[in-house]
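[1] Have a look at this prediction, sequence included:
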Amino acid sequence: QLFFSDIEKKKIIKWACYSLLIATSIGLVVWMIAPDIGIHFGYSPYESSYVEAKPLPIYHCLFIQDHCIPRLQATFSGPNQAGALMALLLGLIALVFQFSWWLLLPTAALVVTFSRSAWVGVVIAALYWIPKKWLLKGGITAIIVLVAIIAWKPDIITHGLSSVEHLDKTSAGIEHILKEPLGSGLGTAGPVSRRVFGEEKALISENWYLQIGEEAGIVSLLLLLLFTAWIIKDLFLIGNKQSAIVGSILLAVSIQAIFLHLWED
């Protein structure tokens with residue numbers, strides 16, 4: 001077992017920050033000037049479409065009036081995973097650089113992922129760090145911005161039919177759990193079920209917790225929820241900044257998993 005001193009831990013986290021900041025900067029530049037560059041590195045030319053046994057798409061689209069706006073995505077993965085990575089980077093920067101201006105870079109990247117689940121997760125996790133006197137003002141501002149976006153370009157929030165599809169898949173996942181309360185077996189739900197049953201019969205609830213419930217049953221689902229909540233609670237209760245930040249990162253990503261099969265990444 002390896003043990004690191006506090007100084008060594010800080011160095012490791014700091015260099016992780018530097019590495020992620022460089023990668024995020026490159027990602028933002030590429031997103032602005034050459035979002036389709038991935039096609040020269042083996043990515044599929046299909047925009048937004050996952051095709052079985054084919055490479056990942058060059059990028060996913062946010063469609064606004066049939067116009068495609070590329071979404072910033074993680075290498076070998078999608079925009080939602082990039083959002084989770086930005087949640088991690090925001091936490092590391094807050095730990096190493098004391099909530100500095102460096103936070104603006106991953107915040108900008110988080111915005112252009114257009115990952116609603118990542119936005120919700122990060123905002124809820126950030127509530128712990130916002131002074132109470134700012135909460136009311138911040139909440140009112142957020143509501144005004146949200147209403148303005150919905151009035152101006154609602155697809156930024158609704159993602160077209162995406163929200164309806166999420167609800168339908170969530171309902172199907174719940175129905176499957178009620179039908180098979182002991183679970184239907186590993187590999188029968190989530191992205192891997194595409195390979196087991198094919199795309200037509202795959203069970204894609206777009207919710208990691210429902211996926212576990214579908215595969216392993218209600219008891220396993222409850223154990224996962226309790227275990228995750230227990231870890232997050234204990235991290236906040238330890239009482240030091242480092243643990244609270246790690247708890248915030250875990251909380252943000254755990255919330256994302258309500259809307260995505262995220263933990264597999």
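    Right, received. Where do you want to start?
[2] What is the neighbour count of residue 246?
    19 (other Cβ atoms under 10 Å). Glycine gets a C-beta too; all of them are placed from N, C-alpha and C.
[3] Looking at it now. What's its pLDDT?
    Residue 246 is assigned a predicted lDDT (pLDDT) of 94.
[4] Quick check: it touching residue 235?
    Yes - between residue 246 and residue 235 there is a contact at 5.5 Å, judged by Cβ atoms under 8 Å.
[5] From residue 18, how far off is the residue nearest to the spatial centre of the chain?
    Geometric centre of the chain, nearest residue: residue 84, 3.8 Å, by Cα atoms, centre = their mean. Distance, residue 84 to residue 18, using Cβ to Cβ, to the nearest Å: 20 Å.
[6] what ranges do the helices span in the stretch 151-265 of the chain?
    If you assign secondary structure with DSSP state H, counting those that start in this stretch, the helices in the stretch 151-265 of the chain sit at 155-158, 162-179, 192-197, 208-237, 241-256.
[7] Compare the mean pLDDT across those and name the weakest.
    Comparing mean pLDDT across the helices of the stretch 151-265 of the chain, the weakest is helix 155-158, with a mean of 73.
[8] CA atoms only for that helix, dumped as PDB, please.
    Output in PDB follows, covering the C-alpha atoms of helix 155-158 (Å, rounded to 0.1, in the frame of the first residue of the first chain):
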ATOM      1  CA  ASP A 155     -34.600  23.800 -27.400                       C
ATOM      2  CA  ILE A 156     -31.500  24.600 -25.300                       C
ATOM      3  CA  ILE A 157     -33.500  23.300 -22.300                       C
ATOM      4  CA  THR A 158     -35.900  20.800 -23.900                       C
END
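[9] Residues in contact with that helix: which ones?
    Contacting residues not belonging to helix 155-158 are listed as 62-65, 114, 116, 146, 149-150 [Cβ atoms under 8 Å, 6 or more residues apart in numbering].
[10] which SSE is the residue nearest to the centre of the chain in?
    Residue 84 is part of helix 79-97, with elements assigned from DSSP states H and E.
[11] next one: residue 61
    Element membership for residue 61 (DSSP H and E) is strand 60-64.
[12] Just want the angle from that strand to helix 79-97.
    100 degrees (axes from the mean of the first three to the mean of the last three Cα atoms, to 10 degrees).
[13] What strands flank strand 60-64, and is each parallel or antiparallel?
    Strand pairing for strand 60-64, determined by DSSP bridges: strand 67-71 (antiparallel).
[14] residue ranges with poor pLDDT in this structure?
    1-2, 49, 99, 160-163 (pLDDT under 70).
[15] go again using 90 as the cut-off
    Low-confidence segments of the chain (pLDDT under 90): 1-13, 44-56, 62-68, 74-78, 95-101, 129-172, 186-206, 239-242, 259-265.
[16] coming back round to it: quick one, the strand holding residue 61 and helix 162-179 angle?
    120 degrees.
[17] any residues touching strand 60-64, and which ones?
    Contacts of strand 60-64 (Cβ under 8 Å, 6+ apart): 47-48, 68-71, 73, 78-79, 114, 153, 155-156, 159-160.
[18] Which of the residues you listed sits closest to residue 7?
    Nearest to residue 7 among these is residue 73, at 35.4 Å by Cβ to Cβ.
[19] how far away is the closest residue to that closest one other than its chain neighbours from residue 136?
    Distances taken as Cβ to Cβ, 6 or more residues apart in numbering place residue 79 nearest to residue 73, at 4.5 Å, with adjacent residues excluded. Residue 79 sits 31 Å away from residue 136, going by Cβ to Cβ.
[20] Just want to know which of these two has more residues nearby.
    Comparing residue 79 with residue 136 by other Cβ under 10 Å, the one with more neighbours is residue 79, at 22 against 9.
[21] Show the contacting residues for that one.
    Listed by Cβ under 8 Å, 6+ apart, the contact set of residue 79 reads 60, 71-73, 113-115.
[22] Okay, now stretch 88-108: how far is its last residue from its first?
    Chord length of stretch 88-108, first to last residue, is 14 Å (Cα to Cα, to the nearest Å).
[23] Can you tell me the SS state at the residue lying closest to residue 70 once chain neighbours are set aside?
    Leaving out its chain neighbours, the residue that sits closest to residue 70 by Cβ to Cβ, 6+ apart is residue 35, at 3.8 Å. Secondary structure for residue 35, judged by DSSP: H, G, I helix; E, B strand; the rest coil, is coil.
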